[in-house]
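Asker: predicted model, plus sequence, below.
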Amino acid sequence: MSYEPPTPPAELPTDLVNTLNESSSEQLQHVARYAEELAEHKAREARLEDDSDENEIEERPDDLPDDVPAKATITIKEINDNRYYYWQWREGEKVTSKYKGPVSPDE
């Protein structure tokens, strides 16, 4: 292990590097744990969004309820070996779903 401080990645903003350099080793340990957890959370959110995109049905029915926004799509969720239609849309960082009905067995 070198006695020289590490070189920060070029992608980090200068103000963040300066803040980290001024932090104690204990604070840096907390930052490291938080950064790892935040990275995992963001990766999980991206996977959920990708999964949502994969489950979309290409044609959208005209029976959009009043309390579902126009940008909503229909997805199919499988629960206990049964398939169901759900309206799904994003509200900020949150994905909201509303039950529509069961998928018929011949679909």
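Answerer: Okay, I see it. Numbers count the residues shown, from 1 in each chain.
Asker: kindly export the one helix or strand residue 19 maps to (C-alpha atoms) in CSV.
Answerer: Under the criterion of DSSP states H and E, residue 19 resides in helix 14-21. Extracted C-alpha coordinates of helix 14-21, given in CSV (Å, rounded to 0.1, in the frame of the first residue of the first chain):
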residue,chain,number,x,y,z
THR,A,14,-13.8,19.0,-8.0
ASP,A,15,-16.1,20.2,-5.2
LEU,A,16,-16.9,16.6,-4.3
VAL,A,17,-13.2,15.6,-4.3
ASN,A,18,-12.4,18.6,-2.1
THR,A,19,-15.2,17.7,0.4
LEU,A,20,-13.9,14.1,0.6
ASN,A,21,-10.3,15.2,1.1
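Asker: any stretches of this structure with poor pLDDT?
Answerer: 1, 51-62, 106-107 (pLDDT under 70).
Asker: which helices and strands sit right next to the next helix or strand after the helix holding residue 19?
Answerer: Later in the chain than helix 14-21, the nearest helix or strand by DSSP H and E is helix 25-54. When contacts are defined as 3 or more Cβ pairs under 8 Å, 6 or more residues apart in numbering; DSSP states H and E, helix 25-54 sits against strand 94-102. Every residue, glycine included, has its C-beta placed from N, CA and C.
Asker: 6 Å instead?
Answerer: The helices and strands touching helix 25-54, judged by 3 or more Cβ pairs under 6 Å, 6 or more residues apart in numbering; DSSP states H and E, number zero.
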